[in-house]
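**Student:** Structure, please.
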Amino acid sequence: MNVRIDLSAGRNPLAVAPRSQLLRAVLLGVLLLNAVLQSWAAWRELCDSGMDLRQDYLAAQRMLRGEDIFGHFSDAEVESLGGRFQLELGMWQNVHPPLLILLFTPLVRLSFQSVALLWTIASAVVLVALTLAICRLVALPIAPFWRWTLALLLLAWYPVWHHLHAGQLSIFLLALLVAALIAWRRGAHTLAGILLALATLIKMFPGFLLVYLLLRRQWRVGVTACATALTVISLQSLADPTLWPRYFLEVAPANAAGWRAAFGNGSLFGLTGRLLIGGPDIAPLIHLPALEPLLRYLLYGLALAWFAWVLWTRRHAPPHPIGEYGLALIAALLLSPITWEHAAVFLLLPGLYLTSRALQSDPAVDRWTIGLLGFAMLASCVPAGVIWQDIYRTTQPAPAPSWLNLVQPYPLVFVACYLALGRSLMRIGRSPYVRSTA
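**Tutor:** The predicted model follows:
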């Protein structure tokens, strides 16, 4: 039985927009100005350092010339980009999969500064459009004015700031994953499989979503995704049969090992690496490298056990594809070898899903769930990477002090959201739930 929940302005003040047109205009004007300033500052930093964006640009140039896309960049290549680039700033080699580099090749006909500008503007525009799409997908019961306000306000969120200033992919990748979810829910299983395959070949961690879909017996999506991935890899291998084997066997493992103890790595792999091994950037909390694999696999086991337990609890419950899809996405972030702080952008889907259900007075979203979600939202606003960088500048070449490990919130951010979403889904599975169509 579907029941539309009546949300009055008294219970949900966001269900209606402010009556004052002046207030609405001023608020949106301030947010638009902030969006312009944020984008401009991010573009200027990309023009001076290149950060992660330059690895795709230089590797795409190499691909067009038939050269090694995974080799270390030279000073001449970096200097050719213009600006104030230095080899030691930004990425010094490409560690991204071959498909992403192939997709990037049309952009290298432009100057790097033009590409950085297009990338920054596109990131901001896609983020706003994606936020509005997710609000609609999860039936967030707030007025359109507040949806636009939320979308623009997110440009001041630290993970988005980090994404823009590093020239990252998370916003575009989330757009692919949300599009795949929408296609799957609408019965377009072939399209969903293609989109999931592309997302997995751009970054490997979304492959865990295929595991979830296969567990839910979505065979057409899974088979299409596997067939698409094999086709893409085979076609690229015709041009260079070494690309994908080198990426899987050399580049990806070496990259994971090199960044395992990085302060900004919010995955379980990064957490155990920082706590027990450390590296040149940060000292370990306790130097016990022999125990690191044991702790890591224990945490992996707990994360997988929670995911399996939630799905098992819901085996007789009505399907809840958005929540379960979001849970699989968070699990993928925790299990990935590298999950940078900007990856908190992926929490938009499960976070807005839980927020929507809370505003609809869903009994499955209790105080503990709201508390965990609130903690994740607040902790994700902490610019931990900026704080670490400022401290590290005063200590180098020595590592940053070990106590900084205690103020890196992002592993806890992902875990808190993981527990909150899983808890709410299990409560749905154990008791009847009246689903809103609002």
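**Student:** which residues in the stretch 1-150 of the chain form strands?
**Tutor:** Here the stretch 1-150 of the chain has no strands by DSSP state E, counting those that start in this stretch.
**Student:** Can you list the low-confidence ranges for it?
**Tutor:** Within the stretch 1-150 of the chain, the segments meeting pLDDT under 70 span 1-11, 83-90.
**Student:** and the helix or strand hosting Pro159, what does it pack onto?
**Tutor:** Using DSSP states H and E, Pro159 falls within helix 158-166. On a contact count with 3 or more CB pairs under 8 Å, 6 or more residues apart in numbering; DSSP states H and E, helix 158-166 meets helix 21-49, helix 112-137, helix 170-185. Glycine gets a C-beta too; all of them are placed from N, C-alpha and C.
**Student:** Go through the ones you listed and pick out the most buried.
**Tutor:** Mean neighbour counts were compared across those using mean count of other CB atoms under 10 Å; the top stretch is helix 170-185, at a mean of 21.
**Student:** Run through the neighbouring helices and strands of it.
**Tutor:** Partner elements for helix 170-185 (3+ CB pairs under 8 Å, 6+ apart): helix 112-137, helix 158-166, helix 189-202, helix 207-215, helix 321-335, helix 348-359.
**Student:** I'd like a version of the ones you listed in JSON lines, one that adds distance to Thr105 as further columns.
**Tutor:** Below are the helices and strands packed on helix 170-185 laid out as JSON lines (distance: least, CB to CB, whole Å):
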{"stretch": "helix 112-137", "distance to Thr105": "12"}
{"stretch": "helix 158-166", "distance to Thr105": "21"}
{"stretch": "helix 189-202", "distance to Thr105": "14"}
{"stretch": "helix 207-215", "distance to Thr105": "24"}
{"stretch": "helix 321-335", "distance to Thr105": "28"}
{"stretch": "helix 348-359", "distance to Thr105": "29"}
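**Student:** closest one to Phe375 among the ones you listed?
**Tutor:** helix 348-359 (11.8 Å; CB to CB).
**Student:** Okay, buried residues for the closest one please.
**Tutor:** Leu348, Leu349, Pro350, Gly351, Leu352, Tyr353, Leu354, Thr355, Ser356, Arg357, Ala358, Leu359 (16 or more other CB atoms under 10 Å).
**Student:** Surely Asn12 and Ile142 touch.
**Tutor:** Yes. Contact status for Asn12 versus Ile142: in contact at 7.5 Å, counting by CB atoms under 8 Å.
**Student:** who has more neighbours, those two?
**Tutor:** Ile142 (20 against 17; other CB atoms under 10 Å).
**Student:** Surely the more buried one touches Pro13?
**Tutor:** No. Counting by CB under 8 Å, Ile142 does not reach Pro13; the two are 9.3 Å apart.
**Student:** shared neighbours of Asn12 and Ile142, which are they?
**Tutor:** Common neighbours of Asn12 and Ile142, using CB atoms under 8 Å, 6 or more residues apart in numbering, are Leu359.
**Student:** Next, count neighbours for Cys417.
**Tutor:** Neighbours around Cys417, by other CB under 10 Å: 29.
**Student:** ignore the last one, Ser80
**Tutor:** Ser80 has 12 nearby residues by other CB under 10 Å.
**Student:** Name the helix or strand for the residue nearest to Trp403 when sequence neighbours are not counted, please.
**Tutor:** Distance criterion CB to CB, 6 or more residues apart in numbering; nearest residue to Trp403, sequence neighbours excluded, is Leu285 at 7.8 Å. Using DSSP H and E, Leu285 falls within no helix or strand.
**Student:** Show the pLDDT at Leu285.
**Tutor:** Looking at Leu285, its pLDDT is 90.
**Student:** Pull up the gap between it and Gly273, please.
**Tutor:** 11 Å (CB to CB, to the nearest Å).
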